[in-house]
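A.B. asks: Got a predicted structure plus its sequence, pasted below:
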Amino acid sequence: MISDSIFDDRMLSLGLARVAEQAAIASARLIGRGDEKAADQAAVNAMREQLNMLDIAGVVVIGEGERDEAPMLFIGEEVGSGKGPGVDIALDPLEGTTLTAKDMPNALTVIAMGPRGSMLHAPDVYMDKLAIGPGYPEGLVTLDMPAATRVSALATEKGCDPHDITVCILERPRHEDMIAEVRSTGAAIRLITDGDVAGVMHCAEPAVTGIDMYMGCGGAPEGVLAAAALKCMGGQIQGRLLFRNDAERGRAAKAGIEDLNKIYSRDDMVTDHVIFAATGVTGGSLLPGIKREIGYLTTETLLMRSKTGSVRRMVYRNPTTNMP
């Protein structure tokens, strides 16, 4: 039963950081071991266990898939003690299972939490995404613009040449034409093999990451997680659901999506204040990976609250004797 407790983001934030940390620690022994499924399952188990220790009445709105596809952290699963405020939870216990299995950069454990009803229940379909960092006029770039126009508009606003712009894009055959068009402007492209939540987050800290814009087609659930991150960090994201067949349109209807052509802004996808936590599993430009020492594992977690705009980086040195 949901209590009358309000969503106290300050009190819940440290608990959420621990959820992300423990999922990362659980996957640490599987970094570079070539087993994507085992790494993902270890993170799922740890994240679910930690969530159930929190005094929340949580519902997973972005998770591991439908109930018949995922035994744990499936969409609609109730988590937490049930004694606290009603909350929506969006999560990816291990964003970058392939990255983890191959010990490649930018694998993260990711989770966001907001008041009940605050997050888009995005179906497990593709989403066309476009993101830039903070400080730009709303609508400077849009999904309806050609890729080259987006680059030119951003360069003009920054007062630089398109050659000084770097765009992050998932390396997929479906993006070949977009990649060619972006390169025709002279802009640089950072291709990533997986992990488009991290890809979008890179836009929020261009001075650190070197990324000015993210564009391309990826998972819709990851789009909501990325929107939650930018709600805290600042920046713009637009997303439009893409459907390949009637089955996918049916998923959208089941999730309550009525306008199949709608372009969602960041605040359409996340309508209220959220807290967001991400822990590095393998090293990248956003977060360092898990560091192994004799007797210890050290993690770094990015913990953010949209209500205050606070961004914390928390280093946790965990004795391996405390690990199950």
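C.D. replies: That came through, no problem. Numbers count the residues shown, from 1 in each chain.
A.B. asks: Could you list the domains of this structure?
C.D. replies: The record assigns the chain these domain ranges, following automatic domain parsing: 9-119+274-322, 126-269.
A.B. asks: Can you name the next helix or strand after the helix or strand of the chain with the lowest mean pLDDT?
C.D. replies: Ranked by mean pLDDT, DSSP states H and E, the weakest helix or strand in the chain is helix 246-254, scoring a mean of 88. For helix 246-254, the following helix or strand on the C-terminal side (DSSP states H and E) is strand 263-265.
A.B. asks: Are there helices or strands packed against that next one, and which ones?
C.D. replies: Strand 263-265 is packed against strand 236-242, with contacts defined by 3 or more Cβ pairs under 8 Å, 6 or more residues apart in numbering; DSSP states H and E. (Each C-beta comes from the backbone N, C-alpha and C, glycine too.)
A.B. asks: Give the other helices and strands that the strand it packs on contacts.
C.D. replies: By 3+ Cβ pairs under 8 Å, 6+ apart, strand 236-242 packs against strand 126-132, helix 220-233, strand 263-265, helix 266-269.
A.B. asks: one more time with 10 Å, if that's ok
C.D. replies: strand 126-132, strand 213-219, helix 220-233, helix 246-254, strand 263-265, helix 266-269 (3 or more Cβ pairs under 10 Å, 6 or more residues apart in numbering; DSSP states H and E).
A.B. asks: returning to what we had before: compute the inter-axis angle for the least confident helix or strand of the chain and helix 220-233.
C.D. replies: Counting by axes from the mean of the first three to the mean of the last three Cα atoms, to 10 degrees, helix 246-254 lies at 40 degrees to helix 220-233.
A.B. asks: Would you indicate which residues of helix 246-254 are buried?
C.D. replies: 248-249, 251-252 (16 or more other Cβ atoms under 10 Å).
A.B. asks: Looking at these, which one is closest to Gly234?
C.D. replies: Distances from Gly234 to these, taken as Cβ to Cβ, are shortest for Ala252 (29.1 Å).
A.B. asks: Make sure the closest one is actually in contact with Tyr126.
C.D. replies: No - between Ala252 and Tyr126 there is no contact under Cβ atoms under 10 Å: 11.4 Å.
A.B. asks: Give the intersection of the neighbour lists for the two.
C.D. replies: 220, 241, 243 (Cβ atoms under 10 Å, 6 or more residues apart in numbering).
A.B. asks: Put together TSV for these, with neighbour count and distance to Val141 on each row.
C.D. replies: As requested, the shared contacts of Ala252 and Tyr126 are arranged in TSV below (neighbours: other Cβ atoms under 10 Å; distance: Cβ to Cβ, whole Å):
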residue	neighbour count	distance to Val141
Ala220	29	20
Leu241	25	19
Phe243	17	24
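A.B. asks: possible to save these as a markdown table with pLDDT and distance to Thr320?
C.D. replies: Converted to a markdown table, the shared contacts of Ala252 and Tyr126 look like this (pLDDT from 0 to 100; distance: Cβ to Cβ, whole Å):
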| residue | pLDDT | distance to Thr320 |
| --- | --- | --- |
| Ala220 | 93 | 38 |
| Leu241 | 96 | 43 |
| Phe243 | 94 | 46 |
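A.B. asks: Now render these as TSV, adding distance to Ile89.
C.D. replies: Below are these laid out as TSV (distance: Cβ to Cβ, whole Å):
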residue	distance to Ile89
Ala220	16
Leu241	21
Phe243	25
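A.B. asks: Looking at these, spot the one nearest Asp272.
C.D. replies: Ala220 (19.6 Å).
A.B. asks: Show me what the helix ranked longest in the chain packs onto, helices and strands only.
C.D. replies: Longest helix in the chain by number of residues (criterion: DSSP state H): helix 9-28. In terms of contacts (3+ Cβ pairs under 10 Å, 6+ apart), helix 9-28 is packed against helix 36-51, strand 86-95, helix 97-101, strand 108-115, strand 275-280, strand 296-305, strand 310-319.
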